[in-house]
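Visitor: Fold the stuff below for me.
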Amino acid sequence: MHDNETTTLRPGVTFVMPVLNERAYLAHAVESVLSQQLPGEAELVLALGPSTDGTTELARELAAADDRIRLVDNPAADIPVGLNAAIRAGRYDTVVRVDAHSELSPGYAARALATLERTGAANVGGVMHAEGRTPFQKAAAWAYNSPIGLGGGAYHGGAREGEAESAYLGVMRRSVLEEVGLFDESIRRGEDWELNLRIRQAGHTVWFDPALSVTYWPRESWVRLARQFRATGAWRGELVRRYGRRNGLRFFAPPALVLNVAVALVVAVLQLTGVLSGIGSLVAAVVYLPLVAYALLVVAMALTPGRSIRERWWTLAVLPTMHLSWGWGFLGGVLRGAHDTVDASRLGTRNTPLP
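Guide: The predicted structure is shown next:
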């Protein structure tokens, strides 16, 4: 039994936010939550991981300045553990997941509550709209917003409202969360997809509303982006181990690209050493065609008008980094399991606060 299952929940909204090394983004994220106009009561529960950049101190300052903010500890720094701790500490019957690396659009919560009521869904989500400030971050944001970058999931740019496989962040009925057992704390990435799978298996509806928008700020450097996507890919591989083909086909494209690169490298070596020659070499060269097509696609994406030269150059690096890092992590997750893989891009950061 969960800690507060014997407590009568009041009508209202509990925003839950896991936080780790997010000093550069936390104040803006919190402000976007507290500025939501709602007809009833609301609170924001921050689950604090062991940050090293002053995030915890900032969170305490914010909580001291506004009694709607409450703090819980998340010493393991795992996102689902922090989310569950925040949910259990909550006092209201609707749970809104928010991220310290994101900002809710004005009217987001009120619109989501109306959509919950109108559709009878258990979980409602909207569009993740990525934005950037530096040329690199803008290139990463563009890739996030493009179906080429993240595979065309509804919340990366869908336009049609309706039932969905998963929901970005999510505005959820607390009763349904408790019915399905909250987030699975053994899953460090992809926990939202897995939760929504259980929600749907329990007979409830997950709903996508494109009128809901959340601003997301991608990682600020190439190394951090690569680490993030490798970890995410590893956990998707773990989810494939656990749930097989319940995972959409789009998740298999990046590992297919990695395997294609590996085979192409082997063929190239065999050709250079003379092991493959003549007709055999020509037949084997077919393996290069998908890579040539992929390279041309990346170049075409980089040349999209309306972007600076630096953003276009960074796009040439960002797209392959996202796909190859994710695909490499996926293969490791499928073959060996994700085990203790963590998103190292969130550890030990030193960011400059946003203006």
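Visitor: What about residue 147, how many residues nearby?
Guide: Burial of residue 147, expressed as a neighbour count using other C-beta atoms under 10 Å, amounts to 12. In short, each C-beta sits where N, CA and C put it, glycine included.
Visitor: Residue 346 now?
Guide: Burial measure for residue 346: 23 neighbouring residues, criterion other C-beta under 10 Å.
Visitor: my guess is it contacts residue 20, does it?
Guide: Yes. Contact between residue 346 and residue 20 holds when scored by C-beta atoms under 8 Å: they sit 5.3 Å apart.
Visitor: Can you show me the strands along this protein?
Guide: Counting by DSSP state E, residue ranges of the strands within the chain are 10-19, 41-48, 69-73, 92-97, 102-104, 123-130, 162-163, 171-173, 206-216.
Visitor: still on that earlier bit, joint contacts of residue 346 and residue 20?
Guide: Common neighbours of residue 346 and residue 20 are listed as residue 77 (criterion: C-beta atoms under 8 Å, 6 or more residues apart in numbering).
Visitor: Any regions of the stretch 201-350 of the chain where pLDDT drops low?
Guide: Residues of the stretch 201-350 of the chain that meet the criterion pLDDT under 70 lie in 245, 347-350.
Visitor: Throw the strands of the chain into CSV and include distance to residue 82, thanks.
Guide: What follows is those, written out as CSV (distance: least, C-beta to C-beta, whole Å):
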stretch, distance to residue 82
strand 10-19, 4
strand 41-48, 3
strand 69-73, 8
strand 92-97, 11
strand 102-104, 15
strand 123-130, 19
strand 162-163, 28
strand 171-173, 16
strand 206-216, 18
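Visitor: Just the CA atoms of stretch 53-62, as PDB, please.
Guide: Backbone C-alpha positions of stretch 53-62 (Å, rounded to 0.1, in the frame of the first residue of the first chain) are rendered in PDB as follows:
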ATOM      1  CA  ASP A  53      25.700  22.700  -9.200                       C
ATOM      2  CA  GLY A  54      23.700  24.600  -6.500                       C
ATOM      3  CA  THR A  55      20.300  23.300  -7.700                       C
ATOM      4  CA  THR A  56      19.300  22.100  -4.200                       C
ATOM      5  CA  GLU A  57      20.100  25.400  -2.600                       C
ATOM      6  CA  LEU A  58      18.100  27.200  -5.300                       C
ATOM      7  CA  ALA A  59      15.100  24.800  -4.800                       C
ATOM      8  CA  ARG A  60      15.100  25.600  -1.100                       C
ATOM      9  CA  GLU A  61      15.200  29.300  -1.800                       C
ATOM     10  CA  LEU A  62      12.200  28.900  -4.200                       C
END
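Visitor: Span of stretch 56-76 from start to end?
Guide: Stretch 56-76 has an end-to-end distance of 14 Å (criterion: C-alpha to C-alpha, to the nearest Å).
Visitor: got the buried residues for that stretch?
Guide: For stretch 56-76, a neighbour-count test (16 or more other C-beta atoms under 10 Å) marks 56, 58, 59, 62, 63, 69, 71, 72, 74 as buried.
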